[in-house]
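S.K.: Build the 3D model from these lines:
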Amino acid sequence: MKVFVAGATGVAGRPAVRLMVGAGHRVTAAARSEERAALLRSLGATAVIVDLFDPAAVGTAVAGHEAVVNLATHIPSMARAALPGSWGENDRIRRELSRNLVDAALAAGATRYVQESVAFFYRDLGDGWIDEDTALDLPAYASSTADAEASARRFTDAGGAGVVLRFGMFYGADSGHMTADMVRLARRGVTPFMGPSGFVSSIHTDDAGAAVVAALGMPAGVYNVVDDDPVRRAEFVATMAGALGIRTPRMAPRAAATVLGSRGAVMIRSQRVSNRRFREASGWAPRRPSVREGWPEVAAAVEQAPAASPRRRAVRGLLGGLSVLAPLVVLVLARSGDQQRRSAPQSADSRAGRPSGGEGAGPAVGGEAAGA
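M.R.: Numbers count the residues shown, from 1 in each chain. Below you'll find the predicted structure:
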């Protein structure tokens, strides 16, 4: 199959491209620079430098392909996730870029469109299992997730096979800032997780890449892509620490999230997500059934990575500290702002003799990524 891939240099994109090429697919991968294009060529793909926000350019790049895979995201680091505007680029990708790709896929006569999504915005079911029929509870900062999934449905409605892959939390030796941040913080005795008893559903990046390959030959629909055995957050952190050979970091209790207002509520949701529907539809199975098998592999790879220079270690240490403090400071300030905004309309309404409510009484906007 001739496949066009957006987000090919990302966390899931790199293993997906490598595995698609290995499976015999002819892959064209989008890049934004010659350096990234060289990386994609080293994976066996044909690289094309294209502005994916330019509909005409996307149409030209996608023409002649049978399938389009959209793995593009711009998830901010833990240090920036709570900052105002930090999710703006990701929103634009999910809305504009997804629309452009679906338009181009339909114009090209492609038969398949695969859309990356996330599996950690379901409502909290405690110890109960979550499947694709469980209702989503999207925070405001992640509302564009629904727009991206809607683009895939539009492709299906037009007669193609639109497949949405809701991935669990990525981890892997080559998974970018998420794993790097967790490891760096853990070595300082800190973890961004709160609420030890809640479940977290994750997926090794290589297993995520294999899932993308499987999605090229399965029915349209929405599927969860997580490992077989989600663990409680306490076990996740303890397993990671054990694999790294360090003391298990202390975790803040669930009640600590109340300090963060509505934003903290997302971080402490229990997400015991099932992959059964995807396994049955695709024949895919994760090579790492849980983090118990995955983290030792990741830790071994991290230990083999070249050591950073003293200057770089110092910078990383500073950023690590900021990654802990900055979100908390910003969130507390933001919560204070929420309270002020909620009280302001009430005062105005009271002066006007009107009942309170309206826009000023709406829910706060979320901003956390670490707990999801």
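S.K.: what's the burial count for the residue lying closest to residue 131 once chain neighbours are set aside?
M.R.: Leaving out its chain neighbours, the residue that sits closest to residue 131 by C-beta to C-beta, 6 or more residues apart in numbering is residue 274, at 5.0 Å. All C-beta atoms are positioned from the backbone trio N, CA, C, and that covers glycine. For residue 274, the neighbour count with other C-beta atoms under 10 Å is 18.
S.K.: for this structure, what are the low-confidence residue spans?
M.R.: 77-84, 176, 260-263, 304-372 (pLDDT under 70).
S.K.: residue ranges of the strands in it, please?
M.R.: 2-6, 26-31, 46-49, 67-70, 112-118, 161-167, 169-171, 190-194, 199-200, 202-204, 221-225, 231-232, 250-252 (DSSP state E).
S.K.: Kindly reformat those as TSV containing distance to residue 97 and mean neighbour count.
M.R.: TSV is the format used below for these (distance: least, C-beta to C-beta, whole Å; neighbours: other C-beta atoms under 10 Å):
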stretch	distance to residue 97	mean neighbour count
strand 2-6	7	24
strand 26-31	10	24
strand 46-49	15	16
strand 67-70	7	29
strand 112-118	11	26
strand 161-167	15	25
strand 169-171	19	23
strand 190-194	28	21
strand 199-200	28	24
strand 202-204	22	27
strand 221-225	19	24
strand 231-232	33	18
strand 250-252	36	16
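S.K.: The residue nearest to the spatial centre of the chain and residue 209, how far apart?
M.R.: Nearest to the geometric centre of the chain sits residue 118, at 5.5 Å (C-alpha atoms, centre = their mean). Separation of residue 118 from residue 209 (C-beta to C-beta, to the nearest Å) stands at 16 Å.
S.K.: can you check residue 59 too?
M.R.: For residue 59, the distance to residue 209 - C-beta to C-beta - is 27 Å.
S.K.: the more surrounded of the two?
M.R.: residue 209 (23 against 16).
S.K.: Settle this for me: the more buried one is touching residue 12, isn't it.
M.R.: Yes - here residue 209 reaches residue 12: they are 6.1 Å apart, a contact under C-beta atoms under 8 Å.
S.K.: just to revisit the earlier point, tell me the bridge partners for the residue nearest to the centre of the chain.
M.R.: Beta-bridge pairing of residue 118 under DSSP bridges involves residue 167.
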